[in-house]
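Colleague: With the input below, show me the fold.
(one chain, ligands or ions: 1)
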Amino acid sequence: MLGVYFSGTGNTKHCVETFVELCEKGCAAVSIEDEDVLAQIAANDTLVLGYPVYFSNIPKIVRGFIAENGACFKDKQVFIIATMGLFSGDGCGCAARPLEKLGAKILGGLHLKMPDCIGDEKALKRTPHDNRALIIYAQKKIAGAVQQLKAGNPPKEGLGVLYRLAGIFGQRLWTLLYMRRAAAYKIKPRLDTQKCTGCGLCARLCPMKNIIMEANRAAFMNRCTLCYRCFARCPQKALTILGKRVHEQCLFEKYHYE
Ligand SMILES: Cc1cc2nc3c(=O)[nH]c(=O)nc-3n(C[C@H](O)[C@H](O)[C@H](O)COP(=O)(O)O)c2cc1C
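Modeller: Numbering: from 1, shown residues only. Modelled structure (predicted):
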(Lines give C-alpha, C1' and ligand atoms only; values in the text may rest on other atoms or scores of the structure.)
Protein backbone atom coordinates (compact mmCIF):
# COMPACT_ATOMS: atom_id res chain seq x y z
CA MET A 1 0.00 0.00 0.00
CA LEU A 2 1.12 3.57 -0.74
CA GLY A 3 -0.37 6.93 0.22
CA VAL A 4 -0.36 9.50 -2.59
CA TYR A 5 -1.56 13.02 -1.94
CA PHE A 6 -1.64 16.64 -2.89
CA SER A 7 -1.81 19.05 0.02
CA GLY A 8 -1.58 22.84 -0.08
CA THR A 9 -1.61 23.60 3.63
CA GLY A 10 -1.08 20.22 5.33
CA ASN A 11 -4.56 18.85 6.06
CA THR A 12 -4.61 16.18 3.38
CA LYS A 13 -1.00 15.14 4.00
CA HIS A 14 -1.85 14.48 7.63
CA CYS A 15 -5.03 12.55 6.81
CA VAL A 16 -3.38 10.29 4.23
CA GLU A 17 -0.32 9.66 6.43
CA THR A 18 -2.57 8.78 9.39
CA PHE A 19 -4.76 6.49 7.27
CA VAL A 20 -1.92 4.46 5.72
CA GLU A 21 -0.02 4.21 9.01
CA LEU A 22 -3.12 2.71 10.66
CA CYS A 23 -3.55 0.34 7.73
CA GLU A 24 0.06 -0.86 7.72
CA LYS A 25 2.66 0.31 10.22
CA GLY A 26 5.51 2.14 8.46
CA CYS A 27 3.57 2.48 5.20
CA ALA A 28 4.85 5.43 3.13
CA ALA A 29 2.89 8.39 1.78
CA VAL A 30 4.26 10.57 -1.03
CA SER A 31 3.20 13.86 -2.54
CA ILE A 32 2.38 14.08 -6.24
CA GLU A 33 5.11 16.75 -6.22
CA ASP A 34 7.80 14.20 -5.24
CA GLU A 35 10.22 13.26 -7.99
CA ASP A 36 9.87 9.51 -7.54
CA VAL A 37 6.09 9.43 -7.11
CA LEU A 38 5.51 7.53 -10.37
CA ALA A 39 8.11 4.88 -9.50
CA GLN A 40 6.51 4.46 -6.08
CA ILE A 41 3.04 4.12 -7.59
CA ALA A 42 4.35 1.53 -10.04
CA ALA A 43 5.72 -0.53 -7.12
CA ASN A 44 2.39 -0.72 -5.25
CA ASP A 45 -0.93 -2.39 -6.11
CA THR A 46 -3.03 -0.48 -3.58
CA LEU A 47 -3.09 3.32 -3.36
CA VAL A 48 -4.69 5.69 -0.88
CA LEU A 49 -5.16 8.86 -2.93
CA GLY A 50 -5.89 12.07 -1.02
CA TYR A 51 -6.63 15.63 -2.11
CA PRO A 52 -8.44 18.73 -0.84
CA VAL A 53 -11.78 19.57 -2.40
CA TYR A 54 -11.77 22.85 -4.35
CA PHE A 55 -15.19 24.19 -5.38
CA SER A 56 -16.75 20.77 -4.73
CA ASN A 57 -14.33 19.32 -7.24
CA ILE A 58 -10.94 17.66 -7.59
CA PRO A 59 -8.17 20.33 -7.70
CA LYS A 60 -6.84 21.14 -11.14
CA ILE A 61 -3.33 20.03 -10.15
CA VAL A 62 -4.59 16.55 -9.18
CA ARG A 63 -6.83 16.28 -12.24
CA GLY A 64 -3.76 17.13 -14.35
CA PHE A 65 -1.62 14.55 -12.55
CA ILE A 66 -4.19 11.81 -13.19
CA ALA A 67 -4.64 12.82 -16.83
CA GLU A 68 -0.90 13.01 -17.53
CA ASN A 69 -0.08 9.74 -15.80
CA GLY A 70 -3.19 7.74 -16.61
CA ALA A 71 -1.37 4.50 -17.39
CA CYS A 72 0.06 4.22 -13.88
CA PHE A 73 -3.43 3.80 -12.38
CA LYS A 74 -4.43 0.82 -14.55
CA ASP A 75 -5.34 -2.23 -12.42
CA LYS A 76 -4.59 -0.37 -9.15
CA GLN A 77 -6.91 -0.65 -6.18
CA VAL A 78 -7.56 2.90 -5.00
CA PHE A 79 -9.09 4.17 -1.78
CA ILE A 80 -9.85 7.90 -2.04
CA ILE A 81 -9.72 10.52 0.72
CA ALA A 82 -11.14 14.01 0.11
CA THR A 83 -10.58 16.70 2.74
CA MET A 84 -12.81 19.77 2.87
CA GLY A 85 -13.67 22.80 4.94
CA LEU A 86 -17.40 22.29 4.91
CA PHE A 87 -19.07 20.26 2.19
CA SER A 88 -18.30 18.63 -1.12
CA GLY A 89 -21.10 16.34 -2.25
CA ASP A 90 -19.08 13.94 -4.37
CA GLY A 91 -15.52 15.00 -3.46
CA CYS A 92 -14.23 11.41 -3.74
CA GLY A 93 -16.37 10.67 -6.77
CA CYS A 94 -14.65 13.45 -8.73
CA ALA A 95 -11.46 11.37 -8.85
CA ALA A 96 -13.17 7.96 -8.78
CA ARG A 97 -14.88 8.51 -12.13
CA PRO A 98 -11.74 9.31 -14.19
CA LEU A 99 -9.74 6.65 -12.33
CA GLU A 100 -12.30 3.95 -13.12
CA LYS A 101 -12.12 4.94 -16.79
CA LEU A 102 -8.35 4.40 -16.59
CA GLY A 103 -8.84 0.86 -15.30
CA ALA A 104 -8.49 1.40 -11.53
CA LYS A 105 -10.74 -0.39 -9.04
CA ILE A 106 -12.16 2.02 -6.46
CA LEU A 107 -12.19 0.44 -3.01
CA GLY A 108 -14.01 3.23 -1.21
CA GLY A 109 -14.09 6.90 -0.30
CA LEU A 110 -13.76 8.98 2.84
CA HIS A 111 -14.78 12.63 3.30
CA LEU A 112 -13.00 14.46 6.10
CA LYS A 113 -13.95 17.89 7.38
CA MET A 114 -10.76 19.78 8.26
CA PRO A 115 -9.78 23.43 8.90
CA ASP A 116 -10.67 25.64 5.95
CA CYS A 117 -7.47 26.85 4.30
CA ILE A 118 -8.98 29.97 2.68
CA GLY A 119 -7.63 32.49 5.16
CA ASP A 120 -8.55 35.66 3.27
CA GLU A 121 -12.34 35.20 3.54
CA LYS A 122 -13.58 36.01 7.01
CA ALA A 123 -16.84 34.08 6.62
CA LEU A 124 -14.93 30.80 6.44
CA LYS A 125 -12.92 31.27 9.63
CA ARG A 126 -13.32 29.13 12.73
CA THR A 127 -11.54 29.52 16.05
CA PRO A 128 -8.28 27.57 16.52
CA HIS A 129 -10.12 25.56 19.18
CA ASP A 130 -12.86 24.57 16.72
CA ASN A 131 -10.26 23.68 14.09
CA ARG A 132 -8.48 21.47 16.59
CA ALA A 133 -11.78 19.73 17.40
CA LEU A 134 -12.30 19.08 13.67
CA ILE A 135 -8.89 17.42 13.42
CA ILE A 136 -9.56 15.22 16.43
CA TYR A 137 -12.91 14.17 14.99
CA ALA A 138 -11.30 13.48 11.58
CA GLN A 139 -8.69 11.26 13.25
CA LYS A 140 -11.45 9.20 14.88
CA LYS A 141 -13.25 8.96 11.56
CA ILE A 142 -10.03 7.78 9.87
CA ALA A 143 -9.55 5.07 12.51
CA GLY A 144 -13.14 3.88 11.96
CA ALA A 145 -12.71 3.84 8.18
CA VAL A 146 -9.49 1.81 8.44
CA GLN A 147 -11.29 -0.77 10.57
CA GLN A 148 -14.10 -0.93 8.00
CA LEU A 149 -11.58 -1.34 5.17
CA LYS A 150 -9.81 -4.14 7.05
CA ALA A 151 -13.17 -5.82 7.65
CA GLY A 152 -13.88 -5.73 3.90
CA ASN A 153 -16.61 -3.11 4.21
CA PRO A 154 -14.92 0.24 3.38
CA PRO A 155 -16.89 3.51 3.50
CA LYS A 156 -18.07 4.75 0.11
CA GLU A 157 -18.50 8.45 0.82
CA GLY A 158 -18.81 10.65 -2.25
CA LEU A 159 -19.27 7.68 -4.59
CA GLY A 160 -22.55 7.11 -6.38
CA VAL A 161 -25.33 9.05 -7.98
CA LEU A 162 -26.88 10.78 -4.96
CA TYR A 163 -23.53 12.20 -3.86
CA ARG A 164 -22.95 13.35 -7.43
CA LEU A 165 -26.25 15.21 -7.51
CA ALA A 166 -25.34 16.82 -4.18
CA GLY A 167 -22.00 17.93 -5.67
CA ILE A 168 -23.61 19.43 -8.75
CA PHE A 169 -26.64 21.13 -7.18
CA GLY A 170 -25.16 21.75 -3.72
CA GLN A 171 -22.20 23.65 -5.06
CA ARG A 172 -20.66 23.17 -8.51
CA LEU A 173 -23.58 24.86 -10.22
CA TRP A 174 -23.41 27.90 -7.90
CA THR A 175 -19.65 28.07 -8.26
CA LEU A 176 -20.03 28.16 -12.03
CA LEU A 177 -22.66 30.88 -11.78
CA TYR A 178 -21.01 33.08 -9.16
CA MET A 179 -17.31 32.16 -9.04
CA ARG A 180 -16.65 31.27 -12.64
CA ARG A 181 -13.20 32.91 -12.83
CA ALA A 182 -11.98 31.20 -9.67
CA ALA A 183 -13.37 27.79 -10.67
CA ALA A 184 -11.64 28.18 -14.04
CA TYR A 185 -8.36 28.93 -12.20
CA LYS A 186 -8.09 32.36 -13.80
CA ILE A 187 -7.10 34.05 -10.55
CA LYS A 188 -3.60 35.41 -9.87
CA PRO A 189 -2.47 35.92 -6.27
CA ARG A 190 -2.16 39.60 -5.32
CA LEU A 191 0.96 40.96 -3.70
CA ASP A 192 1.19 43.82 -1.25
CA THR A 193 4.42 45.28 -2.60
CA GLN A 194 4.88 47.40 0.55
CA LYS A 195 5.09 44.22 2.62
CA CYS A 196 7.05 41.87 0.30
CA THR A 197 10.72 41.71 1.23
CA GLY A 198 11.69 39.53 -1.72
CA CYS A 199 12.66 36.53 0.44
CA GLY A 200 11.55 34.15 -2.34
CA LEU A 201 9.93 31.59 -0.02
CA CYS A 202 6.66 31.66 -1.98
CA ALA A 203 8.52 30.97 -5.25
CA ARG A 204 10.33 28.00 -3.70
CA LEU A 205 7.14 26.51 -2.24
CA CYS A 206 4.75 26.96 -5.16
CA PRO A 207 3.82 23.50 -6.54
CA MET A 208 3.11 25.00 -9.98
CA LYS A 209 6.31 27.08 -10.25
CA ASN A 210 3.90 29.93 -10.81
CA ILE A 211 5.92 32.50 -8.85
CA ILE A 212 9.15 34.06 -10.02
CA MET A 213 11.27 36.72 -8.36
CA GLU A 214 11.57 39.89 -10.41
CA ALA A 215 13.57 42.84 -9.08
CA ASN A 216 13.36 41.30 -5.60
CA ARG A 217 9.58 41.03 -5.67
CA ALA A 218 7.29 38.06 -6.27
CA ALA A 219 5.65 38.03 -9.70
CA PHE A 220 2.93 35.63 -10.84
CA MET A 221 2.27 33.78 -14.06
CA ASN A 222 -1.05 32.20 -14.99
CA ARG A 223 -0.68 28.78 -13.42
CA CYS A 224 -2.00 29.35 -9.89
CA THR A 225 -3.71 26.20 -8.60
CA LEU A 226 -5.21 28.09 -5.62
CA CYS A 227 -3.61 25.83 -3.02
CA TYR A 228 -3.00 28.68 -0.54
CA ARG A 229 0.50 27.46 0.34
CA CYS A 230 2.19 30.76 -0.55
CA PHE A 231 -0.55 32.69 1.27
CA ALA A 232 -0.21 30.56 4.41
CA ARG A 233 3.59 30.59 4.59
CA CYS A 234 4.43 34.17 3.62
CA PRO A 235 6.36 35.61 6.61
CA GLN A 236 5.15 39.11 5.73
CA LYS A 237 1.47 38.20 5.12
CA ALA A 238 1.93 39.95 1.79
CA LEU A 239 -0.28 37.71 -0.37
CA THR A 240 -4.01 37.34 -0.91
CA ILE A 241 -5.80 35.08 -3.40
CA LEU A 242 -9.61 34.92 -3.39
CA GLY A 243 -10.22 37.52 -0.67
CA LYS A 244 -8.81 40.97 -0.04
CA ARG A 245 -7.33 40.72 3.47
CA VAL A 246 -5.20 38.23 5.38
CA HIS A 247 -7.46 37.16 8.24
CA GLU A 248 -5.52 34.08 9.23
CA GLN A 249 -2.70 32.05 7.68
CA CYS A 250 -4.22 28.60 8.03
CA LEU A 251 -1.82 25.70 8.31
CA PHE A 252 -2.61 22.25 9.67
CA GLU A 253 0.24 22.35 12.22
CA LYS A 254 -1.22 25.46 13.90
CA TYR A 255 -4.23 23.47 15.09
CA HIS A 256 -2.57 20.13 15.70
CA TYR A 257 -1.15 20.52 19.18
CA GLU A 258 -1.36 18.45 22.35
C1 LIG B 1 -9.70 27.19 -3.87
C2 LIG B 1 -10.33 26.42 -2.74
C3 LIG B 1 -11.63 25.94 -2.88
C4 LIG B 1 -12.21 25.22 -1.83
N5 LIG B 1 -13.47 24.70 -2.01
C6 LIG B 1 -14.04 23.99 -1.03
C7 LIG B 1 -15.33 23.42 -1.22
O8 LIG B 1 -15.93 23.50 -2.27
N9 LIG B 1 -15.90 22.77 -0.17
C10 LIG B 1 -15.26 22.62 1.02
O11 LIG B 1 -15.84 22.04 1.93
N12 LIG B 1 -14.00 23.10 1.22
C13 LIG B 1 -13.38 23.78 0.21
N14 LIG B 1 -12.10 24.27 0.39
C15 LIG B 1 -11.38 24.00 1.65
C16 LIG B 1 -10.34 22.89 1.51
O17 LIG B 1 -10.87 21.79 0.78
C18 LIG B 1 -9.86 22.36 2.87
O19 LIG B 1 -9.44 23.38 3.70
C20 LIG B 1 -8.77 21.31 2.69
O21 LIG B 1 -8.75 20.48 3.83
C22 LIG B 1 -7.38 21.90 2.48
O23 LIG B 1 -6.48 20.83 2.38
P24 LIG B 1 -4.89 20.98 2.37
O25 LIG B 1 -4.50 21.58 3.71
O26 LIG B 1 -4.40 19.59 2.22
O27 LIG B 1 -4.53 21.86 1.24
C28 LIG B 1 -11.49 24.98 -0.64
C29 LIG B 1 -10.18 25.48 -0.51
C30 LIG B 1 -9.60 26.18 -1.57
C31 LIG B 1 -8.20 26.68 -1.41
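Colleague: okay, CA-based contacts and neighbour counts for the rest of this
Modeller: Will do.
Colleague: who in the stretch 101-250 of the chain is up against the ligand?
Modeller: M114, P115, D116, C117, I118, L226, C227, Y228 (CA under 6 Å from any ligand atom).
Colleague: hmm, 5 Å instead?
Modeller: M114, D116, C117, L226, C227 (CA under 5 Å from any ligand atom).
Colleague: Hmm, the third one is touching Y228, no?
Modeller: Right, C117. Yes - contact criterion CA atoms under 8 Å: C117 and Y228 qualify, at 6.8 Å.
Colleague: For those two, list the residues in contact with both.
Modeller: T9 (CA atoms under 8 Å, 6 or more residues apart in numbering).
Colleague: what's near enough to touch S31?
Modeller: The contact partners of S31, by CA under 8 Å, 6+ apart, come to V4, Y5, F6, S7, K13, V37.
Colleague: Try it again at 7 Å.
Modeller: By CA atoms under 7 Å, 6 or more residues apart in numbering, the contact set of S31 is V4, Y5, F6, V37.
Colleague: Can you give me the buried ones in the helix or strand of the chain at the bottom of the mean pLDDT ranking?
Modeller: Lowest mean confidence among the helices and strands of the chain (mean pLDDT, DSSP states H and E): helix 173-178, at a mean of 84. Using 16 or more other CA atoms under 10 Å as the test for burial, helix 173-178 gives T175.
Colleague: Rounded mean pLDDT for the helix or strand following that helix, please.
Modeller: The element immediately downstream of helix 173-178 (helix or strand, assigned by DSSP states H and E) is helix 180-183. On average, the pLDDT along helix 180-183 is 87.
Colleague: ok, and what's touching helix 180-183?
Modeller: Under CA under 7 Å, 6+ apart, the answer for helix 180-183 is F55, T175, L176, I187.
Colleague: Can you name the residues that contact the first one?
Modeller: When you say that, I think you mean F55. With CA under 7 Å, 6+ apart, F55 has these contacts: R172, T175, A183.
Colleague: For it, give its distance to P128.
Modeller: 23 Å (CA to CA, to the nearest Å).
Colleague: Quick check: chain neighbours aside, which residue is closest to the closest residue to the ligand within the stretch 101-250 of the chain?
Modeller: Distance from the ligand to each residue of the stretch 101-250 of the chain (CA to the nearest ligand atom) is smallest for D116, at 3.4 Å. Leaving out its chain neighbours, the residue that sits closest to D116 by CA to CA, 6 or more residues apart in numbering is G85, at 4.3 Å.
Colleague: Who are the contact partners of the one you found?
Modeller: Here G85 is in contact with K113, M114, P115, D116 (CA under 7 Å, 6+ apart).
Colleague: now do 10 Å
Modeller: Each residue near G85 by CA atoms under 10 Å, 6 or more residues apart in numbering is listed here: 11, 52-54, 112-118, 124-125, 131, 134.
Colleague: Could you say which of these is surrounded by the most neighbours?
Modeller: P52 (34 neighbours; other CA atoms under 10 Å).
Colleague: Give me the three-state assignment for the spatially closest residue to that one that is not a sequence neighbour.
Modeller: Spatial nearest neighbour of P52, excluding adjacent residues (CA to CA, 6+ apart): T83 at 4.6 Å. For T83, the secondary structure call by DSSP: H, G, I helix; E, B strand; the rest coil comes out as strand.
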